[in-house]
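1. 3D, please:
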Amino acid sequence: MRGHHLAIYNFGLHVDDYESPRVEGFRLREPLNFEAANRAEGFVGRSGYDGEPGSESWGEKVYPRFIAGSGFADAPSSLSLWSGLEALMAFTYNGVHADALKHARNWNQRQAWPALVLWWVAEGVRPLWADGAERLEHLADHGPSPRAFTFKTAFCPDGNTVGIDRESVKAIAARNTAGQQDLLAVAKTLKA
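-> So this is what the prediction gives:
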């Protein structure tokens with residue numbers, strides 16, 4: 001949307017520690033997903049993680065309350081910005097990322113909270129990790145609203161509901177797939 005970017009935060013819990021063989025399939029795909037996002041149409045940027053090479057972290061990494069009692073001090077989560085709903089949906093449910101989603105049940109615990117939350121920010125604004133955690137909790141507590149929503153119930157920056165242009169999603173996905181064939185070929189060889 002003109003003058004705005006779409007923020008997405010996702011959060012889950014693995015079935016074991018990040019370095020565990022049970023989570024190896026996720027760990028091996030993670031750099032492929034980051035590179036696929038970098039190549040994806042409509043990708044604006046993503047937060048890195050403190051102390052790790054790559055993108056700068058957008059504030060201190062904060063988790064939603066759902067990590068409490070899990071036994072984990074860290075959990076898989078990401079925070080990124082996109083040009084709009086169709087571009088994000090095309091990346092999320094196609095290509096390299098879709099291949100990872102297909103195997104996610106092997107690495108992630110079943111969760112009672114939403115897997116992701118979306119919200120709009122003004123162009124030039126970078127959301128903080130704390131913003132994502134707070135909005136995910138808001139979505140879990142109150143359902144979709146212009147403050148915190150999902151693909152299924154999406155809103156425009158002006159607060160009105162909006163439908164997703166599925167034909168646009170398909171066209172963007174096709175262009176993205178053409179640019180990540182090498183990554184997808186590698187992903188298909190990895191342990192699930």
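2. residue contacts, G48?
-> G54, S55, E56, S57 (C-beta atoms under 8 Å, 6 or more residues apart in numbering). C-beta here means a position set from N, CA and C on the backbone, and glycine is covered the same way.
3. highest neighbour count among those residues?
-> S57 (16 neighbours; other C-beta atoms under 10 Å).
4. tally of neighbours for the residue lying closest to that residue once chain neighbours are set aside?
-> Among residues not flanking S57 along the chain, D50 sits closest, at 4.6 Å (C-beta to C-beta, 6 or more residues apart in numbering). For D50, the neighbour count with other C-beta under 10 Å is 11.
5. mind naming the longest helix for the protein?
-> helix 24-39 (DSSP state H).
6. strand partners of the helix or strand following it, parallel vs antiparallel please.
-> Per DSSP states H and E, the first helix or strand lying C-terminal to helix 24-39 is strand 43-46. With DSSP bridges as the test, strand 43-46 is paired with strand 77-82 (antiparallel).
7. picking that back up, for the longest helix of the chain, packing partners?
-> With contacts defined as 3 or more C-beta pairs under 8 Å, 6 or more residues apart in numbering; DSSP states H and E, the packing partners of helix 24-39 are strand 43-46, helix 95-107, helix 181-187.
8. for M1, give me the pLDDT.
-> Note on M1: pLDDT of 70.
9. shaky segments in the protein?
-> Within the chain, not a single segment meets pLDDT under 70.
10. repeat that with 80
-> The chain contains residues with pLDDT under 80 at 1.
11. for the protein, what spans make up the strands?
-> With DSSP state E as the criterion, the chain has strands at 4-11, 43-46, 77-82, 116-122, 154-155, 161-162.
12. so for Y93, which of the ones you listed sits nearest?
-> strand 116-122 (11.8 Å; C-beta to C-beta).
13. could you check the angle the closest one makes with strand 77-82?
-> With axes from the mean of the first three to the mean of the last three C-alpha atoms, to 10 degrees defining the directions, strand 116-122 sits at 40 degrees from strand 77-82.
14. so which bits of strand 116-122 are buried?
-> Buried residues in strand 116-122, counted by 16 or more other C-beta atoms under 10 Å: L116, V117, L118, W119, W120, V121.
15. okay if I get the helices and strands packed on helix 24-39 as TSV plus distance to H5?
-> Compiled in TSV, these are given as follows (distance: least, C-beta to C-beta, whole Å):
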stretch	distance to H5
strand 43-46	5
helix 95-107	19
helix 181-187	24
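16. closest to E24 out of those?
-> Closest among these, once you apply C-beta to C-beta, is helix 95-107, at 8.5 Å.
17. now do that closest one: which elements does it pack against?
-> Helix 95-107 packs on helix 24-39, helix 85-92, helix 166-178, helix 181-187, going by 3+ C-beta pairs under 8 Å, 6+ apart.
18. okay if I get these as CSV plus mean neighbour count?
-> Putting the helices and strands packed on helix 95-107 into CSV (neighbours: other C-beta atoms under 10 Å) gives the following:
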stretch, mean neighbour count
helix 24-39, 18
helix 85-92, 24
helix 166-178, 16
helix 181-187, 16
